[in-house]
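Enquirer: need the 3D shape of this:
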Amino acid sequence: MSSVRVQVSCIAVRDGCIAMIQKLNPVYKTYMKYIPPGGHVELTETIEQACIREMREETGLDVSGLDMVGVVTFLNLAAEYHSVCFLLAAREVRGTLQTLEPDKQTAHWVELDGIAANENVPGYHRDFLDHILNRRGFLNARVEWLPPHNEATWTIAEAPARLFLAQT
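Expert: Numbers count the residues shown, from 1 in each chain. Just a heads-up that it's a prediction; the model follows:
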């Protein structure tokens, strides 16, 4: 199996809308669907640096005040794909949304009102956003594509009632 990849996704909300990208390459599982901007962490980058860079590259937006709000494990064993994606929410979102990579994806503001029923957003992203935006605690989730039809299935782990840290 290939190595585990590290990714980031950014939750950038402004004026009741969330910044999303729409992938234009049909090989992606999220082809023509709205997903949060993000991508792989490059060598020597922190997850925060990767989030800021990916947002700028994919949407033209500048984000800051990043809070880690979740982690998602993506698995597709048939394709030998395993990725761990850190979700970061931006407290500050500045700039004008732009499509800067029109050969790869387009950038969009998607209204949060009604996003739970928006069929253009994958079901797992709708559930994850609901969890994050409705302050249900840190998101710990898993998405797996299963044979024979390569359909996505996902789970959200229950958060412990309390986090216990070792006392020294």
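
Enquirer: going forward, measure contacts and count neighbours with C-alpha atoms only.
Expert: Will do.

Enquirer: count of neighbours near the closest residue to residue 121 other than its chain neighbours?
Expert: Spatial nearest neighbour of residue 121, chain neighbours left out: residue 34 (4.9 Å); criterion: CA to CA, 6 or more residues apart in numbering. By the criterion of other CA atoms under 10 Å, residue 34 has 24 neighbours.

Enquirer: and residue 34, bridged to which residues?
Expert: Per DSSP bridges, the residues bridged to residue 34 are residue 22.

Enquirer: same question, residue 106
Expert: According to DSSP bridges, beta-bridge pairing links residue 106 with residue 22.

Enquirer: next up, the contacts around it.
Expert: Residues near residue 106 by CA atoms under 8 Å, 6 or more residues apart in numbering: 21-24, 99-100.

Enquirer: ok, now with 6 Å
Expert: 21-22, 99 (CA atoms under 6 Å, 6 or more residues apart in numbering).

Enquirer: format those residues as TSV; extra columns: neighbour count.
Expert: Listed next are the contacts of residue 106 as TSV, based on neighbours: other CA atoms under 10 Å:
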residue	neighbour count
21	24
22	21
99	18
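
Enquirer: which of those residues lies closest to residue 157?
Expert: Of all these, residue 21 has the smallest distance to residue 157: 26.2 Å, by CA to CA.

Enquirer: my guess is that closest one meets residue 109, correct?
Expert: No. Checked against CA atoms under 6 Å, the pair residue 21 and residue 109 is beyond contact range at 8.6 Å.

Enquirer: quick one, longest helix in the protein?
Expert: Ranked by residue count and defined by DSSP state H, the top helix of the chain is helix 47-59.

Enquirer: flag every buried residue along that one.
Expert: 47-48, 50-59 (16 or more other CA atoms under 10 Å).

Enquirer: fine by me, thanks again.
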